[in-house]
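[1] from the sequence below, what's the structure:
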Amino acid sequence: MEWRYIFILTIVIFSCTTEKSQPSSDLTREIVRVEWVEVDSIDIQAYNSDIKSGTLTMDIGIYFPSNLDSKFDKVTLSRVMQSFEFAKEIYRPTGVQFNLLWVKTGKVDPRYFSIQANEVPGIPQTEYANMYEHSRRHPAVLTELAKEAFQSIIEPAQNGDRTIYLVVLQDVFYPFLEVSEGRNWTMKSVRTGGLSFPTYSYVGTIDPAYRGVITLTNLKRKDRFRKTIAHELGHKVMNVSHEYKSTNPGHEVYDNGGLMLYGEGEDIPVGQEGRWHQERLLISPFLYRLDENGIKNWNPDYKEGGHYYDPIYGDKVIRFEANSVIDEDW
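    Numbering: from 1, shown residues only. Down below sits the predicted model:
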């Protein structure tokens with residue numbers, strides 16, 4: 001009899017413990033949308049005074065949190081607006097103009113000041129496929145925290161999937177895999193100054209409402225101040241990685257010449273020699289022409305999630321050879 005009572009008591013205790021350990025639906029985190037207000041000191045009409053009907057245009061909205069940590073000084077609203085003007089200057093020779101929709105400020109949940117952009121990839125690129133082909137097969141995926149942040153920050157809007165959002169945060173980390181030696185890879189996490197979440201990398205994995213997000217976290221250094229917004233816009237609207245003419249795409253490519261390299265260059269080249277950068281820009285789904293009736297006629301949208309070889313680009317692509325530093329005798 002004694003052992004029977006002990007057995008029954010054990011079952012009761014185990015049952016109670018199990019019930020208490022189950023996750024409760026009440027603990028599901030509620031996403032609270034930021035209450036944004038427009039910055040009165042920014043004259044939107046002045047920034048858009050050079051807009052012309054019939055010219056290819058991209059819509060851009062700017063979100064600047066009002067409650068950033070006091071020690072954070074890498075990005076100021078003044079630097080954002082000046083960098084925005086630099087970007088307009090860099091893109092002007094291509095015939096593409098910027099339409100500034102608004103500049104807004106508001107209190108953002110501090111949990112979103114620092115985010116990891118994507119989940120650590122599990123499958124590294126090898127010598128069998130180039131960077132773009134590999135990303136198409138194994139696209140980057142947003143972390144849950146990044147998804148929450150975008151849901152909280154980005155306001156629902158008509159044509160939200162065609163709008164570019166410049167979002168100021170304090171830290172955005174981008175993890176990727178690189179070869180360490182032989183057949184071994186290591187995870188590297190980059191602290192970004194700007195991140196564009198381009199569709200060639202996040203092929204079909206980002207909710208369309210947030211696919212226009214670009215984060216800005218460092219405009220303090222001279223080169224970042226001048227070029228960051230223009231460079232990140234290039235990832236978004238040209239849909240290319242760090243590459244230029246004879247320089248093949250990669251996660252980190254330092255050289256001068258093109259806008260899409262880490263360096264002082266600002267060139268947006270044309271033709272096959274220029275990797276079709278300007279041609280790809282001009283057919284971007286983020287661009288439209290305003291007709292005489294004020295109707296926005298958008299470029300065709302992506303057909304296959306926006307990978308580098310998406311059918312909208314036709315022959316405006318490069319069939320890069322796969323490149324790897326993996327030991328052949330692995």
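
[2] do you know how far residue 309 is from residue 181?
    Per Cβ to Cβ, to the nearest Å, residue 309 is found 31 Å from residue 181. No exception for glycine: its C-beta is placed from N, CA and C like everyone else's.

[3] for those two, indicate the residue with more neighbours.
    Between residue 309 and residue 181, counted using other Cβ atoms under 10 Å, residue 309 has the larger neighbour count: 15 against 11.

[4] thought the more buried one was touching residue 317?
    Yes: the pair residue 309 / residue 317 is scored as a contact, 5.4 Å apart, by Cβ atoms under 8 Å.

[5] quick check: buried residues in the host helix or strand of residue 145?
    Here residue 145 sits within helix 144-153, counting by DSSP states H and E. By neighbour count on 16 or more other Cβ atoms under 10 Å, the buried set for helix 144-153 is 146-151, 153.

[6] could you dump that helix to PDB, C-alpha only?
    C-alpha atoms of helix 144-153 as PDB (Å, rounded to 0.1, in the frame of the first residue of the first chain):
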ATOM      1  CA  GLU A 144      12.200  37.200 -35.000                       C
ATOM      2  CA  LEU A 145      13.500  40.400 -33.300                       C
ATOM      3  CA  ALA A 146      14.100  42.100 -36.700                       C
ATOM      4  CA  LYS A 147      10.500  41.100 -37.800                       C
ATOM      5  CA  GLU A 148       9.100  42.600 -34.500                       C
ATOM      6  CA  ALA A 149      11.100  45.800 -35.000                       C
ATOM      7  CA  PHE A 150       9.800  46.300 -38.500                       C
ATOM      8  CA  GLN A 151       6.200  45.500 -37.500                       C
ATOM      9  CA  SER A 152       6.500  48.100 -34.800                       C
ATOM     10  CA  ILE A 153       8.300  50.800 -36.800                       C
END
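
[7] tell me what that helix is packed against?
    Using 3 or more Cβ pairs under 8 Å, 6 or more residues apart in numbering; DSSP states H and E, the elements in contact with helix 144-153 are strand 114-116.

[8] the strand it packs on pairs with which strands, and in what direction?
    Using DSSP bridges, the strands paired with strand 114-116 in its sheet are strand 171-181 (parallel).

[9] I'd like the next helix or strand past the partner strand.
    Going down the chain from strand 171-181, the next helix or strand is strand 184-191, by DSSP H and E.

[10] now the helices for the stretch 201-330 of the chain?
    For the stretch 201-330 of the chain, applying DSSP state H, counting those that start in this stretch gives helices covering 222-237, 277-282.

[11] could you dump those helices to CSV with mean pLDDT and distance to residue 82?
    Putting the helices of the stretch 201-330 of the chain into CSV (pLDDT from 0 to 100; distance: least, Cβ to Cβ, whole Å) gives the following:
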stretch, mean pLDDT, distance to residue 82
helix 222-237, 94, 7
helix 277-282, 98, 23
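
[12] can I get these in a markdown table with distance to residue 79 and mean neighbour count?
    Converted to a markdown table, the helices of the stretch 201-330 of the chain look like this (distance: least, Cβ to Cβ, whole Å; neighbours: other Cβ atoms under 10 Å):
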| stretch | distance to residue 79 | mean neighbour count |
| --- | --- | --- |
| helix 222-237 | 6 | 22 |
| helix 277-282 | 25 | 21 |
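
[13] now tabulate the ones you listed in TSV and tack on distance to residue 198.
    Formatted as TSV, the helices of the stretch 201-330 of the chain follow (distance: least, Cβ to Cβ, whole Å):
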stretch	distance to residue 198
helix 222-237	4
helix 277-282	12
